[in-house]
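In: 3D, please:
(4 chains)
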Number of protein chains: 4
Amino acid sequence: MSDLRVGVVGVGVMGADHAERVARKTSGARLVAVSDADRGRAEALAARLSEGLGGESESTARHSGGTAYVDSVRVVEDPMELIAADDVDAVILASPGFAHADQLFACLEHGKPVLCEKPLTMDAASALRVVEAEHKLGRQLIQVGFMRRFDPEYAALKQLLDSGELGRTLLLHNVHRNKSVASSFRSEMIVRDSMVHEVDVARWLFGEEITRITVYTPKPTSLVAEGAFDPQLAVFELASGAMADVEVFVNFQVGYEVRCEAVAERGSATVGLGSGVFTRAGEHWGGAMPADFRIRFEQAYDLEVQRWVDATRRGEIDGPSAWDGYAAAAVCEAGLESLSSGTPVDVALADRSKVLG
Amino acid sequence: MSDLRVGVVGVGVMGADHAERVARKTSGARLVAVSDADRGRAEALAARLSEGLGGESESTARHSGGTAYVDSVRVVEDPMELIAADDVDAVILASPGFAHADQLFACLEHGKPVLCEKPLTMDAASALRVVEAEHKLGRQLIQVGFMRRFDPEYAALKQLLDSGELGRTLLLHNVHRNKSVASSFRSEMIVRDSMVHEVDVARWLFGEEITRITVYTPKPTSLVAEGAFDPQLAVFELASGAMADVEVFVNFQVGYEVRCEAVAERGSATVGLGSGVFTRAGEHWGGAMPADFRIRFEQAYDLEVQRWVDATRRGEIDGPSAWDGYAAAAVCEAGLESLSSGTPVDVALADRSKVLG
Amino acid sequence: MSDLRVGVVGVGVMGADHAERVARKTSGARLVAVSDADRGRAEALAARLSEGLGGESESTARHSGGTAYVDSVRVVEDPMELIAADDVDAVILASPGFAHADQLFACLEHGKPVLCEKPLTMDAASALRVVEAEHKLGRQLIQVGFMRRFDPEYAALKQLLDSGELGRTLLLHNVHRNKSVASSFRSEMIVRDSMVHEVDVARWLFGEEITRITVYTPKPTSLVAEGAFDPQLAVFELASGAMADVEVFVNFQVGYEVRCEAVAERGSATVGLGSGVFTRAGEHWGGAMPADFRIRFEQAYDLEVQRWVDATRRGEIDGPSAWDGYAAAAVCEAGLESLSSGTPVDVALADRSKVLG
Amino acid sequence: MSDLRVGVVGVGVMGADHAERVARKTSGARLVAVSDADRGRAEALAARLSEGLGGESESTARHSGGTAYVDSVRVVEDPMELIAADDVDAVILASPGFAHADQLFACLEHGKPVLCEKPLTMDAASALRVVEAEHKLGRQLIQVGFMRRFDPEYAALKQLLDSGELGRTLLLHNVHRNKSVASSFRSEMIVRDSMVHEVDVARWLFGEEITRITVYTPKPTSLVAEGAFDPQLAVFELASGAMADVEVFVNFQVGYEVRCEAVAERGSATVGLGSGVFTRAGEHWGGAMPADFRIRFEQAYDLEVQRWVDATRRGEIDGPSAWDGYAAAAVCEAGLESLSSGTPVDVALADRSKVLG
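Out: Numbers count the residues shown, from 1 in each chain, chains lettered A, B, ... in the order given. Predicted coordinates:
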């Protein structure tokens, strides 16, 4: 089947990332158009992503085996025009939140599947209208960018909790910290732009709605403007009586950190420590060993093949060479001799400069 | 530019993985042909990968927007024919090691770039002939599948060591363990098939050749056949006098584990603990906090977009829905009210069954 | 100076531990008397602690170099009599909480220093009367058993926070979990007997009083009796506006776990992970390496000497023998030869059975 | 029974530590005499340890309840005189290694139990004579200071391995690192003074003798003098065929680090990571949760009681006061009210300045 032709609306930090992701790292998709209020930004990105495959040798890499090495990415001034365009099969919305409602209605009107960065819209009333309009259409076209559900750690946590292995889940403790934010920061943004992720995490992990919320404002850090509240501490109560707490601290200074500990009847499980799902269960703390090399090195294999494909299209190699294969063979040969003799064995290696001279 | 058309020779565990990787997870590549001594295995794989995008709804997912939903993958009986085929731009060799030499010479002859699983060939002499043949061609076509170089942790370790931040590297301690291996296991395979990875790691991290090797055979585990040596302990000496030790234990029972600690003049750095590069340096142990969300959640974003593309091509969504966006907006609205009032606020949510009923 | 003569009131789990601690592990103190409502329990303990120094060879260890190997511990029926006794210099109160008030007043009356297990008394009014009575006396005699202040990890956390290195402390996240509690458990006990420790931790770490408390009761675990609330989640607000949250979960099933993360303006520090003070600060996560062997092995040295003293008093040794010293010397001698020759060296060891036969 | 009267020979770093340990932290022992080639050093130590219990208020703490607050520690010029003294029941030898042999023979002659710091003597031949002399005496008097056997982590590792839970032990990987050593350092000292600890660890954990040793000298760090070998890598072969490797690196720059991983047939166990026994077994990595508070807080309780005893002997308290007990009671009372009402409750606390004014 043919590739999905994707247009990206809004190419700030997040949108530019998504555009590059579609162009360079996603199977079965092609980036065909971008749109941004800042036309220069859109054009620079389109040019960069039309040009080739990156890497040190970009400039020399325009041709490979006679094939012209260019996928052209259009810049479309009006986002509504991009959404409507015939050659755009699906849309990624990474425009500012206030523009989402109109753009989503346009996607629904043109029957275009859309991946919409959070927030869906700026308030609950308009979000509900979007839900109703999609429902009337009879077909789900909208996906919201709550990406934690795709994080392998969060996904494994969800799976563990749903398995029932730890009993019913009772509590979530969440931490959400940024190194720092711009001086334009306002206290409300902590709730709307940051805490909203934990809102989704709580709804998703518990599989039920949040019915009550309390937002506490502890003594603020002295590293924010007077009057701003950072950190904040919130308590969510869910329909079943389960609860979640969240610390959001957007000027933590140290780095980015997102953690979630789920406390269940027979143990707890934490993600965001950087070491998979960390459990306390059955009188032990720790995690699971990978069963085999495909699990442990899946990402390495993916990167190896993607980079090999990219380099091959540029007419290069980008990894261990035939010499590396030969040298390893020579060492193993000496190793086999040592295995049987039990003594040190010198490695007999050809002179590289003579062979490859 | 057009996609790279890839053929895979050998579709056992590793080759089938690579074939699926090319077909489903790699940007800019298409799987066009597979070959295997076991024709049935090749045909089953080709059928599976020709069919669609996997997922629960595969059978219903043949069409999307009028486009026929099939990329046909050919089965080619003779690997030499696959290598020579006009519609194969590049080859992945995952055939048994003894077949590599001939197939590599064929790739060189036809000018086909090739990603060859280790070992390059079965002995140093034949490997050297491959090196010489490629060198004569004047163009690097062969890449060897030492995939640890692509593991983000190993790559970060290499970068750290090369930065000189810890001074010169003096020692490597490696551990390489499998849960268990088949009963056909022979002691030599530990050296040739397992330890060979650490041979490459040592050569790569130190950037120099191994000059001497000693393989020790400690008291074997009772869980191998009489006469087999598992675990083994090897010491590598490198050209500069640096050293590396390696434990290989292929019947460890617990799971798969690969670790490497590099000891340098001003600290050590370990990978394979599952938590990035773990350093002991500057009077501290630990690791680095990610600077921002794009680093922390890069994999989540990649998976979100890949799965959204896959689902969209099937006419579905595969992630948080518009309702999820709406519910989050409603909770945040209540949160903002609590932020200003300092008291608990109930969440006003529309009745889902009425809205979506 | 002479040893402090200590009497222990209440020898349930905690009191018996304290009694043994005074008798066997504390320098400069002697256990002279115990009292308990269950006289049999007191007598068994007194007998056990009068008998010797424990260890496998207790029964044979009554004499050492002609000295009678017995320190007699008296059983005193009436706790008030124990408190008043001339040969009791100081008292440890590990009786039930309801008995504390009267016993504390008696200690004050007789001028006896007292280490009182928490709670001080059963309610704030009576506790205040104790404070006032001690104050009138003009001399501090009462210490309360909030022992977390003595935990090396908590003490190091306090020191770090007070150093100002991380800026002002803003938030504490506490977790306090027990494996399980008896069926007589009531919800109030979580607050009074468990959470009270975090009350002290918050007051101590912040160095200020708690002004407001909210106790949330999430959906209870199904492993408690109907109507009981476990876990509980509390939020403390302190005088300066700083806050602390606490999860107390006394039927966690997994084991005992007490954790505290302090969040400050420039980083966070966590204790209770079992690996010292774990910090997130300066773009890193991790902990401190010990500066030298005395820090790393302090506990080992303490135990080595305590056990050597205990064994010596029994006329034994309890650790590596002269043979172990000899064998190590023989290996090192071979090692020195290998160091200079660079080759394996056999260890020449005398035949143990002939030497020690 | 009466306390064991201990004399310490050699009061450099290690001996001074041991002297203080006996005087201040060990139950059932008294420090009566010290001896050192540097008489001034011995006198300063004796004065310090005769004076009181340390702490901020040392100078005001000479009397407690009328009892003179002094245990006098004698300085004895000649170590042989100390060993022979009637009021010395047992001896700790922390003198230089070359003095050990004569002093040990003196201990044997006078029938004095002795805890001898490693090395037992300077070479295997003299060590064997010590063994034989003790054996002739018919009574074990000598214990060697291989203190890792007393480290709770090493002790737990030994227990785990001996339990057979992981099958037979096959391999040990050891790391032994110091921050740095004096410039007088010579390569031989790595073997004799550092590696000797791992020699004992290997013999002890395997319960058998080392039969062969190879010491490798990798490229040295540039932070040692020309010609010195640091780090070193050794391989031990044991009687049964089991093996151990050891990295010793005494100029590691980062801090002190001692680790040991035991690899067995069904898993591995590591100590020295600062988090108990870290296992890889049964498809998991991690450690054990403490079963109850006495295990988790054992050290805190020990310190609490030792410091309470010390402070009480000085006429002080050194921990949470009655006010702390009262304030905690007041918070809990408010907490109980919040528990039943479900709302925030203000804490009613008396005015501290009025009560304690």
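In: so where does A:V6 fall, helix or strand?
Out: Taking DSSP states H and E as the criterion, A:V6 maps to strand A:4-9.
In: residues in contact with that strand?
Out: The contact list for strand A:4-9 (Cβ atoms under 8 Å, 6 or more residues apart in numbering or on different chains) reads A:15, A:18-19, A:22, A:28-36, A:76, A:79, A:82-83, A:85, A:87-95, A:103, B:309, B:312-313. No exception for glycine: its C-beta is placed from N, CA and C like everyone else's.
In: C-terminal to it, what's the next element?
Out: Where DSSP H and E defines the elements, the next helix or strand beyond strand A:4-9 is helix A:13-24.
In: and that next one with chain B, contact?
Out: Yes - counting by Cβ under 8 Å from any Cβ of the partner chain, chain B is contacted by helix A:13-24 at A:V13, A:D17, A:H18, A:R21, A:V22, A:A23, A:R24.
In: what does stretch A:344-355 give?
Out: Yes - counting by Cβ under 8 Å from any Cβ, chain B has neighbours in stretch A:344-355: A:P344, A:V345, A:D346, A:V347, A:A348, A:L349, A:A350, A:V355.
In: again with stretch A:83-98
Out: Yes - judged by Cβ under 8 Å from any Cβ, stretch A:83-98 and chain B are in contact via A:D89, A:A90, A:I92.
In: got a winner among the residues you listed for most neighbours?
Out: Taking other Cβ atoms under 10 Å in any protein chain shown as the neighbour criterion, A:I92 ranks highest of these with 28 neighbours.
In: would stretch A:149-165 count as contacting chain D?
Out: No - figure legend: stretch A:149-165 not in contact with chain D (Cβ under 8 Å from any Cβ); closest approach 13.3 Å.
In: now that stretch: buried residues?
Out: For stretch A:149-165, the buried set under the neighbour-count rule, 16 or more other Cβ atoms under 10 Å in any protein chain shown, comprises A:R149, A:F150, A:D151, A:E153, A:Y154, A:A155, A:A156, A:L157, A:K158, A:L160, A:L161.
In: what's the answer for stretch A:349-357, then?
Out: A:L349, A:A350.
In: isn't A:I295 up against B:Y256?
Out: Yes - the pair A:I295 / B:Y256 is scored as a contact, 7.1 Å apart, by Cβ atoms under 8 Å.
In: the two: who's more crowded?
Out: Between A:I295 and B:Y256, B:Y256 has the larger neighbour count (other Cβ under 10 Å), namely 18 against 12.
In: verify the contact between that one and A:E298 for me.
Out: No - the pair B:Y256 / A:E298 is not scored as a contact, 11.6 Å apart, by Cβ under 8 Å.
In: restricted to buried residues, select the residues of helix A:13-24 next to chain B in ChimeraX.
Out: The ChimeraX command for the buried members of the residues of helix A:13-24 next to chain B (criterion: 16+ other Cβ under 10 Å) is given here:
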select /A:17,18,21,22,23
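In: give me the subset of the residues of helix A:13-24 next to chain B touching chain C.
Out: Okay, of the residues of helix A:13-24 next to chain B, nothing touches chain C (Cβ under 8 Å from any Cβ).
In: circling back to that earlier point, and which of the residues of stretch A:344-355 next to chain B is nearest to chain B?
Out: Distances from chain B to the residues of stretch A:344-355 next to chain B, taken as Cβ to the nearest Cβ, are shortest for A:P344 (4.3 Å).
In: show the backbone phi and psi for the closest one.
Out: phi -60, psi 140 (degrees, to the nearest 10).
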